[in-house]
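Q: okay, sequence plus prediction incoming.
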Amino acid sequence: MEEIKKAEINDVPICDKYALTIKEAVAYFNIGEKKLRKLAFENTGRFSLMSGNRYLIIRTKFEKYLENTQGI
(Lines give C-alpha, C1' and ligand atoms only; values in the text may rest on other atoms or scores of the structure.)
Protein backbone atom coordinates (compact mmCIF):
# COMPACT_ATOMS: atom_id res chain seq x y z
CA MET A 1 0.00 0.00 0.00
CA GLU A 2 2.86 2.38 0.74
CA GLU A 3 4.30 1.75 -2.73
CA ILE A 4 1.05 2.97 -4.30
CA LYS A 5 1.22 6.27 -2.40
CA LYS A 6 4.81 6.88 -3.56
CA ALA A 7 3.87 6.15 -7.16
CA GLU A 8 0.95 8.58 -6.99
CA ILE A 9 3.20 11.37 -5.69
CA ASN A 10 5.69 10.88 -8.53
CA ASP A 11 2.98 10.91 -11.20
CA VAL A 12 2.35 14.66 -11.04
CA PRO A 13 2.20 16.07 -14.59
CA ILE A 14 5.01 18.49 -15.46
CA CYS A 15 2.52 21.28 -16.15
CA ASP A 16 1.30 21.05 -12.52
CA LYS A 17 4.71 21.06 -10.84
CA TYR A 18 6.02 24.19 -9.12
CA ALA A 19 9.70 23.45 -9.81
CA LEU A 20 11.16 21.42 -12.65
CA THR A 21 14.47 19.62 -12.91
CA ILE A 22 16.65 20.63 -15.83
CA LYS A 23 15.60 17.54 -17.80
CA GLU A 24 11.91 18.20 -17.17
CA ALA A 25 12.35 21.85 -18.17
CA VAL A 26 14.16 20.80 -21.36
CA ALA A 27 11.17 18.66 -22.34
CA TYR A 28 8.56 21.23 -21.27
CA PHE A 29 10.11 24.37 -22.79
CA ASN A 30 11.91 22.75 -25.74
CA ILE A 31 15.19 24.52 -24.91
CA GLY A 32 18.56 22.79 -25.04
CA GLU A 33 20.02 21.40 -21.84
CA LYS A 34 23.27 23.41 -22.03
CA LYS A 35 21.40 26.66 -22.62
CA LEU A 36 18.97 25.94 -19.79
CA ARG A 37 21.80 25.13 -17.38
CA LYS A 38 23.52 28.39 -18.32
CA LEU A 39 20.31 30.36 -17.81
CA ALA A 40 19.72 28.66 -14.44
CA PHE A 41 23.27 29.46 -13.31
CA GLU A 42 23.02 33.11 -14.38
CA ASN A 43 19.54 33.61 -12.87
CA THR A 44 19.74 31.79 -9.55
CA GLY A 45 17.24 33.48 -7.27
CA ARG A 46 15.25 34.92 -10.16
CA PHE A 47 13.66 31.80 -11.63
CA SER A 48 16.03 29.03 -10.57
CA LEU A 49 17.24 27.67 -7.27
CA MET A 50 19.74 25.15 -6.02
CA SER A 51 18.58 22.00 -4.30
CA GLY A 52 21.73 20.29 -3.11
CA ASN A 53 23.91 20.15 -6.20
CA ARG A 54 21.14 20.45 -8.80
CA TYR A 55 19.24 23.35 -10.28
CA LEU A 56 15.48 23.56 -10.22
CA ILE A 57 13.54 25.86 -12.53
CA ILE A 58 10.50 27.57 -11.02
CA ARG A 59 8.09 26.97 -13.88
CA THR A 60 5.78 30.00 -13.54
CA LYS A 61 8.65 32.46 -13.03
CA PHE A 62 10.53 31.05 -16.01
CA GLU A 63 7.40 31.33 -18.15
CA LYS A 64 7.16 35.04 -17.21
CA TYR A 65 10.88 35.45 -17.96
CA LEU A 66 10.38 33.98 -21.43
CA GLU A 67 7.37 36.21 -22.09
CA ASN A 68 9.45 39.32 -21.37
CA THR A 69 12.58 38.24 -23.26
CA GLN A 70 13.28 38.95 -26.93
CA GLY A 71 15.59 35.94 -27.32
CA ILE A 72 17.57 33.42 -25.36
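A: Here it is on my side, so go on.
Q: what is Ile57 paired to in the beta sheet?
A: Leu20, Ser48 (DSSP bridges).
Q: for it, list the residues it contacts.
A: Residues near Ile57 by Cβ atoms under 8 Å, 6 or more residues apart in numbering: 19-22, 24-25, 36, 40, 47-48. (C-beta placed from N, C-alpha, C; glycine too.)
Q: same thing with Arg59?
A: Contacts were defined as Cβ under 8 Å, 6+ apart; by that measure Arg59 touches 15, 17-20, 25, 28.
Q: try it again at 7 Å.
A: For Arg59, the contact set (Cβ atoms under 7 Å, 6 or more residues apart in numbering) comprises 17-20.
Q: can you give me the pLDDT of it?
A: pLDDT, Arg59: 97.
Q: ok, back up a step: out of the contacts of Ile57, which are buried?
A: The neighbour count (16 or more other Cβ atoms under 10 Å) marks 19-20, 22, 25, 36, 40, 47-48 as buried among the contacts of Ile57.
Q: tell me which stretches of the protein form strands.
A: Using DSSP state E, the strands of the chain run over residues 19-21, 48-51, 54-58.
Q: distance to Asp11 added to those, as a markdown table?
A: Output for the strands of the chain, formatted as a markdown table (distance: least, Cβ to Cβ, whole Å):
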| stretch | distance to Asp11 |
| --- | --- |
| strand 19-21 | 15 |
| strand 48-51 | 20 |
| strand 54-58 | 19 |
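Q: ok, which pair from the contacts of Arg59 is furthest apart?
A: Greatest spatial distance among the contacts of Arg59 (Cβ to Cβ): Tyr18 and Leu20, at 8.5 Å.
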